[in-house]
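Asks: what's the 3D shape of this:
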Amino acid sequence: MQQAAAFEANRAAARSGYHAFAAPRETDTQMAAAIAAAIDAALLSRRHDYAGQPHAWQLLCEASHVATLCPPLRDAFITRVAEQRGADIALRLAAKADAIRAAAIERYRESALA
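Replies: Numbering: from 1, shown residues only. Model prediction:
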């Protein structure tokens, strides 16, 4: 409700040449970039945990990559993995990517509230 009122106030102000002091909302692109940056930071912070485990590290990197993609690209990537490597691998990759993304979104929301 407040967002609609702020939008209308900004729209009316724009018509009159005056800009209201409503707080700008973050765009979807900015939010996606912030979530991707959080995923990348989490990935880099875990690198030392995977020393000597190149296969496990590769799986985490791939899941993190999938987690940064927008939904249509994520679906296309998972479909390609299913076709090339099998449905069970694709399902595990999708589940891991979803968990990584959910954790990053939660961290993003916590930081936005702080």
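Asks: show me where pLDDT drops low in this protein?
Replies: Scanning the chain for pLDDT under 70 picks out 1-26.
Asks: all helices for it, in order.
Replies: Applying DSSP state H to the chain gives helices spanning 2-16, 28-45, 54-68, 71-85, 87-113.
Asks: buried deepest among these, which one?
Replies: helix 54-68 (a mean of 17; mean count of other CB atoms under 10 Å). C-beta coordinates here come from the backbone N, C-alpha and C atoms, glycine included.
Asks: packing partners of that one?
Replies: Helix 54-68 is packed against helix 28-45, helix 71-85, helix 87-113, with contacts defined by 3 or more CB pairs under 8 Å, 6 or more residues apart in numbering; DSSP states H and E.
Asks: and those as CSV, adding distance to Q53?
Replies: Converted to CSV, the helices and strands packed on helix 54-68 look like this (distance: least, CB to CB, whole Å):
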stretch, distance to Q53
helix 28-45, 14
helix 71-85, 20
helix 87-113, 15
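Asks: wait, which of these is closest to L59?
Replies: Taking CB to CB, helix 87-113 is the member of those nearest to L59, at 7.4 Å.
Asks: the inter-axis angle of the closest one versus helix 28-45?
Replies: If you take axes from the mean of the first three to the mean of the last three CA atoms, to 10 degrees, helix 87-113 sits at 110 degrees to helix 28-45.
Asks: now the residue nearest to R47 when sequence neighbours are not counted: how far from L43?
Replies: Nearest non-adjacent residue to R47, counting by CB to CB, 6 or more residues apart in numbering: W57, 7.5 Å away. Per CB to CB, to the nearest Å, W57 is found 9 Å from L43.
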